[in-house]
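Undergrad: got a predicted structure plus its sequence, pasted below:
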Amino acid sequence: MSPPRPQQPADRSATRLHFTVQALKEDLCLAEIFERARSFTRASYLRLPQHGAACGEELVGLGCAWEATFGDTGNDTGFASANAVLRAFRHSAGDTEDVRLFAYAAFDPSYAPGDDVTWNAFERRALYLPELLLMRRDAQLFAVIAHLDHASPTAMSEWLARVNDAQHPAQPPATDGACTSLDLRNEETRFTANVASVVASAGTSAPVEKIVYARRATAERSSHFKLDRVIAALNADFSGCATFALSPHPGAPTFVGATPETLVSAHHNQLQTMALAGTTRGGSPPQSPERAAAEDNLLHSAKDRHEHQVVVEMITSSLKHHGASPSYNDTPGIRRLTNVSHLETPIRAEITDTFGLLEAIDALHPTPAVCGQPRQAARQAIARDEGFDRGLYAGPIGAMSPEGEGQIFVALRCGLVHHDQALLFAGAGITADSDPHVEWAETHQKLAALQNALTAEDLP
Ligand SMILES: C=C(O[C@@H]1C=C(C(=O)O)C=C[C@H]1O)C(=O)O
C-alpha cells in the first residue's frame with residue numbers, strides 16, 4: 001500500500017502580489033533590451049499608441065512571476081476565468097496601476113495543428129505577469145519588479161545587470177520550431193479558390209455573409225534578423241499602430257508586427273473598440289492624390305461598406321447582449337496607414353460590474369474583421385479550407401493592469417521571425433462581391449507593412 005499523501009495546504013501565497021517600482025534615470029532603448037533579453041529569458045515588447053483616454057506606453061516584460069492556467073474553454077479565449085486572481089492581486093497589493101500583465105491568444109485556441117509545427121513554441125492562450133517590467137510613459141522610464149512570494153532585495157539590480165550584460169543574440173541557442181521549411185507554391189491557388197467558392201455559394205441555402213481568408217508569405221536575409229531594428233522600423237512607419245514582439249523562450253521564433261486594430265481597450269470605466277474593415281486598392285503613397293482618390297472610392301464602395309457594416313453589427317449586438325449600450329457613428333471614417341487605408345468606426349460602451357476588459361475580449365474575439373459572419377460557420381470554414389495554423393495571427397494581444405485597465409489589439413500585419421527567415425500572414429474580407437485576384441492583391445499590400453520593416457533592417 002502506498003503511504004498516504006501529505007495534504008496540500010491551500011496555497012494562499014499564490015495570489016498575494018508584491019511589487020516595487022523604481023524610476024530609472026538612465027535612458028534605455030526598450031527594443032534593444034527585448035532583443036538582448038530574448039537570448040536568456042521569456043521576453044515581450046509592446047508599444048501602445050495614445051488612444052482615446054489611454055496614454056501611450058512602451059513596455060518590455062522579462063521572465064514570468066505568475067501565469068494563468070486555463071481549463072478547456074473550447075474556441076473561446078477564456079480570459080474572464082482570471083478575474084478572481086486579478087481581484088486577489090488588487091486585494092493583496094493595493095494600488096496596482098503600475099503593474100502590467102501581458103495577454104495573448106491564438107486566433108482559434110482549439111484548432112488542432114496536426115503536423116503543422118509552426119506555432120509549437122507558443123502557448124495558445126497566455127495571461128502572465130513578468131518578473132521585470134520596464135515601462136516608458138510620459139517620457140519617464142520605470143522598472144517594476146513583481147513577485148508572489150518574498151523577492152530578494154537585490155532582484156531589481158540583478159535583472160538590470162543581466163540585461164546590461166546580455167549580448168545581441170547573434171547565435172541564439174538551439175531552435176525549436178523552424179518557420180520556413182514550408183512549400184508555399186500553392187498559396188495563391190488555394191487562396192483564390194477559397195474566394196471563388198464563397199462567390200459561387202452566394203444565393204445558396206446557407207451562405208456565409210462574410211469570411212476572412214488568409215495566406216502566408218516568406219522573407220529571408222543573408223544573416224540573422226535583428227529584432228530591435230525591425231521594431232524601430234515598425235514604430236517609425238506605423239506610429240499610430242501598436243507594435244508587438246513576443247519571444248516565449250530562448251531559441252524560439254519571435255512573433256512580431258504592428259497592428260492598426262484595437263480589439264478592446266478599457267480606461268476610466270469606458271470600453272473602446274472599433275470596426276476596422278474595408279481596404280483601399282493600389283499601393284499609393286499615403287499623402288498622394290491617388291491615395292485620396294482610393295479613400296474616396298472606398299467610402300463609396302457598396303462591397304466595402306457592406307463588409308464593414310457586418311463588423312459594426314456583430315460588435316454592437318455582442319455589446320448589447322452583455323448589457324452594455326454601445327455608441328458609434330452611422331458612417332465610417334478613414335484610417336490612413338503607410339501602406340493602406342481602411343474604413344473605421346470607433347465604438348464605445350460603459351464598463352459594468354459584470355462586463356469589463358476580460359469579458360469583452362472573450363465576447364468580441366474573433367470579430368468578422370478577421371473571421372466572418374456567422375462566426376461559427378466562418379471559423380469552421382477557415383479551419384477546413386485555409387490549410388495552415390493561424391497561430392497567434394489575428395488573435396488578441398496586449399497588456400493590462402490588475403485593475404482591469406489596458407489595451408488589447410488584434411495581431412495583424414505580423415509574422416514569425418526566426419534566425420534569417422520570416423513567415424508572414426495577411427488576410428482579406430470576402431463577400432459574394434469579391435474578385436479573387438483583387439483580394440489576393442490586397443493581401444500583398446498588407447504584407448508590405450512587415451516586409452518593409454524586415455528589409456529596412458539592411459539600411460545603415
Ligand atoms: C485580415 C487582415 O486585416 C483585416 C481585414 C481588413 C479587410 O478585409 O478590409 C481590414 C482590416 C483588418 O480588419 C490582415 O491584415 O491580415
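TA: Great, that's in hand.

Undergrad: when you work out contacts or count neighbours from here on, use the C-alpha atoms and nothing else.
TA: Noted.

Undergrad: quick one: N297 and the ligand, what's the gap?
TA: Counting by Cα to the nearest ligand atom, to the nearest Å, the gap from N297 to the ligand is 13 Å.

Undergrad: what pLDDT does that residue get?
TA: The model reports N297 with a pLDDT of 98.

Undergrad: repeat that for L337.
TA: Note on L337: pLDDT of 97.

Undergrad: same question for T354.
TA: On the pLDDT scale, T354 gets 93.

Undergrad: swap in G71?
TA: Looking at G71, its pLDDT reads 76.

Undergrad: so which helix or strand takes in it?
TA: Counting by DSSP states H and E, there is no helix or strand that carries G71.

Undergrad: give me the nearest residue to the residue in the stretch 201-350 of the chain that the ligand sits nearest to, chain neighbours excluded.
TA: Proximity of the stretch 201-350 of the chain to the ligand (Cα to the nearest ligand atom) peaks at G278, 3.4 Å away. Computed as Cα to Cα, 6 or more residues apart in numbering, the closest residue to G278 that is not its neighbour in sequence is D304, at 4.8 Å.

Undergrad: number of residues surrounding the one you found?
TA: By other Cα atoms under 10 Å, 23 other residues sit near D304.

Undergrad: that's a strand at it, yeah?
TA: No. Per DSSP: H, G, I helix; E, B strand; the rest coil, D304 lies outside any strand segment and is helix.

Undergrad: my guess is it contacts T280, does it?
TA: No. In this structure, D304 is not within contact of T280 by Cα atoms under 8 Å, at 9.2 Å.

Undergrad: hang on, G415 in a strand?
TA: Yes. Using three-state DSSP, the assignment for G415 is a strand.

Undergrad: burial count for the residue nearest to it when sequence neighbours are not counted?
TA: In space, and not counting its chain neighbours, G415 is closest to L424: 4.1 Å by Cα to Cα, 6+ apart. Applying other Cα under 10 Å, we find 25 residues neighbouring L424.

Undergrad: quick check: pLDDT value at L424.
TA: Reading off the model, L424 has pLDDT 97.

Undergrad: in the sheet, which residues pair with it? Tell me.
TA: Taking DSSP bridges as the rule, L424 bridges to A217, G415.

Undergrad: which ones are touching it?
TA: If you count contacts by Cα atoms under 8 Å, 6 or more residues apart in numbering, L424 has them with R216, A217, T218, A219, R413, C414, G415, L416, L447, L450.

Undergrad: cool, H18 as well?
TA: By Cα under 8 Å, 6+ apart, the residues touching H18 are S92, A93, A146, H147, L148, D149, H150.

Undergrad: if you set the cut-off to 6 Å instead, what comes out?
TA: H18 sits next to A93, A146, H147, L148 when contact means Cα atoms under 6 Å, 6 or more residues apart in numbering.

Undergrad: can you give me the helices in the stretch 101-250 of the chain?
TA: Per DSSP state H, counting those that start in this stretch, the stretch 101-250 of the chain carries helices over the ranges 155-165, 187-201, 227-237.

Undergrad: quickly, which of those helices bottoms out on average pLDDT?
TA: Comparing mean pLDDT across the helices of the stretch 101-250 of the chain, the lowest value falls on helix 155-165: a mean of 85.
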